Every structure is written in structure tokens, then in C-alpha cells.
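**Q** What follows is a predicted protein model with its sequence.
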Amino acid sequence: DSGVTQTPKHLITATGQRVTLRCSPRSGDLSVYWYQQSLDQGLQFLIQYYNGEERAKGNILERFSAQQFPDLHSELNLSSLELGDSALYFCASSDLRTSGASTDTQYFGPGTRLTVL
Amino acid sequence: ILNVEQSPQSLHVQEGDSTNFTCSFPSSNFYALHWYRWETAKSPEALFVMTLNGDEKKKGRISATLNTKEGYSYLYIKGSQPEDSATYLCAPNMNNNAGNMLTFGGGTRLMVKP
């Protein structure tokens, strides 16, 4: 158990809908990362937040947005869902204070499996 | 787009065999390389973080080496056990200024037969 929690575990929805995925980082971690794992692709970095502010952005679609709240939990919002958005969405967290950014270990949550029908 | 390649894609070995696989990445703008182990139905688990050319890390029967000049890292497993069956992912951090953005390779899926 990494200490990172994600809810829900599974989510089934229809095309065109909007969903919110939630992540609580490890106690004390300030940075949160979101990744997408599709069937035909590896783990793709979406976005990173550090202490409430966006820190790095990957190939995140405009239909997707995220935020990190003052209590450091994060939400990933996916809207106008398409069949191709079906994937496993991981959240990870790291401390990012005691070591340099590049060597900071990211701890992954259990993931949310999204199925769009 | 950063090109991170892992080979082989999959590997079947017998219990007790030693094995190794490769991660290749662009050698310019390199800051660190992360190795993760990902078991089926679980989440990726960090193995090593490596930064220096020639660096070698070890955790039990698993070890890794790093060559930043030519852009590759090897992961070795000595005396493979069935519980080593997992997908092994490498992820370089190529831009320290962009937070800690990791680019994951496709992984090497290892299956160890008892």
C-alpha cells in the first residue's frame, strides 16, 4: 500500500458525460501527478500539481482538467467523454521537497478504471 | 516527443534463471532514470532512481546500471522467482525544469515459470 488513495475504483459511464476522479496523496506529499494507461499505450503523463499550482503539463486533452485543493487532494475532471477515453487513470504523489525534482520518487495509487460505453 | 524504448517487450524464463532487459532513452538533457515494477492488478512500485553515469543500484536480487552518455540502462534479475513476474518500466526525467515529468517506456513483461 503506497498511501495514495483514489476513488472510485471503477467507473462506467456513457459517451458525452462528465466524470470526476479523486486522489488523496500520501500524508505530507505536496505534489500530485495524473497518468493515463490506455490499452494500446503505456503510462502517459497528463499533469502535475505542486502545493495547489500546476507544475508540469503533458499531452492532456482540452476536455480534461485538474486541480489540487488546499488540503492537497486532487481531482481530475473528464468531460465530453469519448470511447477512447476508456483507460486506467493513476494518481501518484511525491514529496518534492527533500530531494531534487528529477530524483523524487513518485508513489502510485491503485488507479481508477474508467469505461465509456 | 521523447522516445523511450524497452526491450524485449516480453520475456519468459524458468525459475532460477538470471535475466536482464534494456531501457534506451535520448542521452541529451538527462536528469534521472526511474525504474518501476508493476504487478498485474496492482499499481507501479518504485525500484530505483539513478542519476550518475556508471551508477549501479541493487535491491535484493534486482540490480540496475546506467549509462547516460549513450542513453541506456540495464535491469538485472538474478535467480528469477515466480514472484518476480511483473512488468518492469523505466522512465527518464529529461527536463528538470518541468517539475518531475516522467516519460515511461512500454515496459518489459517478465513471466517466470516455476
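**A** Cool, the structure landed. Numbers count the residues shown, from 1 in each chain, chains lettered A, B, ... in the order given.
**Q** Output the set of residues of chain B in proximity to chain A.
**A** Residues of chain B lying close to chain A by Cβ under 8 Å from any Cβ of the partner chain are B:31-32, B:34, B:42-46, B:49, B:51, B:89, B:91, B:93, B:96, B:98-107. Placement of C-beta: from N, CA and C, glycine included.
**Q** Mark which of the residues you listed are part of strands, please.
**A** Counting by DSSP state E, the residues of chain B next to chain A place B:32, B:34, B:45, B:46, B:49, B:89, B:91, B:93 in strands.
**Q** which among those end up buried?
**A** B:32, B:34, B:46, B:49, B:89, B:91, B:93 (16 or more other Cβ atoms under 10 Å in any protein chain shown).
**Q** of all the residues you listed, which two lie farthest apart?
**A** By the measure Cβ to Cβ, B:32 and B:89 form the most distant pair in these, at 14.4 Å.
**Q** what's the closest non-adjacent residue to the residue positioned nearest the centre of chain A?
**A** Nearest residue to the geometric centre of chain A (Cα atoms, centre = their mean): residue A:34, 2.7 Å. Spatial nearest neighbour of residue A:34, excluding adjacent residues (Cβ to Cβ, 6 or more residues apart in numbering or on different chains): residue A:46 at 4.2 Å.
**Q** got it, and residue B:31?
**A** Residue B:31 sits nearest to residue A:102 (Cβ to Cβ, 6+ apart), 3.5 Å away.
**Q** any idea how far stretch A:48-67 is from the chain center?
**A** 9 Å (Cα atoms, centre = their mean, to the nearest Å).
**Q** which regions of chain B sit below the pLDDT cut-off?
**A** For chain B, applying pLDDT under 70 flags the ranges B:1, B:95-99.
**Q** Please apply the same query to chain A.
**A** A:96-101.
**Q** can you map out the strands along it?
**A** Going by DSSP E, chain A shows strands at A:5-7, A:10-13, A:19-24, A:31-37, A:43-50, A:53-57, A:64-68, A:74-78, A:87-94, A:107-108, A:112-116.
**Q** Can you give the distance of the fifth one from its chain's centre?
**A** Just to be clear, that refers to strand A:43-50. The answer for strand A:43-50 is 7 Å, by Cα atoms, centre = their mean.
**Q** Need the contact partners of it.
**A** A:30-38, A:54-60, A:64, A:66-68, A:74, A:76, A:90, A:96, B:44, B:89, B:91, B:99-104 (Cβ atoms under 8 Å, 6 or more residues apart in numbering or on different chains).
**Q** Then the last one?
**A** The contact list for strand A:112-116, computed with Cβ under 8 Å, 6+ apart, reads A:6-15, A:17, A:19, A:21, A:78, A:81-89.
**Q** Mind giving me the ChimeraX select for those residues, buried ones only?
**A** The buried residues among the contacts of strand A:112-116 can be selected in ChimeraX (16+ other Cβ under 10 Å) with this line:
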select /A:6,11,13,19,21,78,81,85,86,87,88,89
